[in-house]
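Enquirer: Mind folding the following:
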Amino acid sequence: MPYAHLPLATFKAKYTAFSTLTEESYAIWASEAEGRVDENYGDQQQSATELLTAHLLALNGVGLAAGVGTLAATGATSFKSGTFSATLSDSVVAQRSKGGYQSTVWGQQFAEIQRRLFGGPRLVGFTGTPC
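Expert: Modelled structure (predicted):
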């Protein structure tokens, strides 16, 4: 299936954490993701582009719901609002502190697509003079 840019309302319905996302911010970060995900992703291009867009938005704290945005943007490990309280587990904090695609759930799913499509043995050769 060829890639089709999702309308903002559809993206927000699918990725509900981005309830405050604006059209302008979505367009900027979706374009960034579209530039990184090409036709080499084949039938996974749609999912990969959407997931990378969500990852980039979350990584930059853009468009997230108030509580989620606070945790993502500030690096906080807990959030309390009225009677609601949320705390990130130590394992989640440790994983997110590594950065990269492992820092968001969408990045993790994007990385899984990359591993399936492009993973394999990595060979390293040496053509210089040994010591």
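
Enquirer: Phi and psi next, for G107.
Expert: With angles defined as degrees, to the nearest 10, G107 sits at phi -70, psi -40.

Enquirer: Look at H5 and say how many residues are nearby.
Expert: 16 (other Cβ atoms under 10 Å). Yep, even glycine has a C-beta here, placed from its N, CA and C like the rest.

Enquirer: Quick check: closest non-adjacent residue to it.
Expert: Once flanking residues are discounted, H5 sits nearest to A30: 6.4 Å by Cβ to Cβ, 6 or more residues apart in numbering.

Enquirer: again with E34
Expert: T49 (5.8 Å).

Enquirer: Could you list which residues are in contact with that neighbour?
Expert: By Cβ atoms under 8 Å, 6 or more residues apart in numbering, the contact list for T49 reads Y3, A30, A33, E34, V37, Y41.

Enquirer: which one of the residues you listed is nearest T104?
Expert: A33 (12.8 Å; Cβ to Cβ).

Enquirer: Contacts only, for the closest one.
Expert: Counting by Cβ under 8 Å, 6+ apart, A33 has contacts T49, E50, L52, T53, L56.

Enquirer: Tell me the spacing between the fourth one and I28.
Expert: Relative to I28, T53 is positioned 10 Å away (Cβ to Cβ, to the nearest Å).

Enquirer: These two - which one has more neighbours?
Expert: A count of neighbours by other Cβ under 10 Å puts T53 above the other of T53 and I28, at 26 against 14.

Enquirer: Hmm, that one is touching A30, no?
Expert: Yes. Assessed by Cβ atoms under 8 Å, T53 is found in contact with A30 at 4.8 Å.
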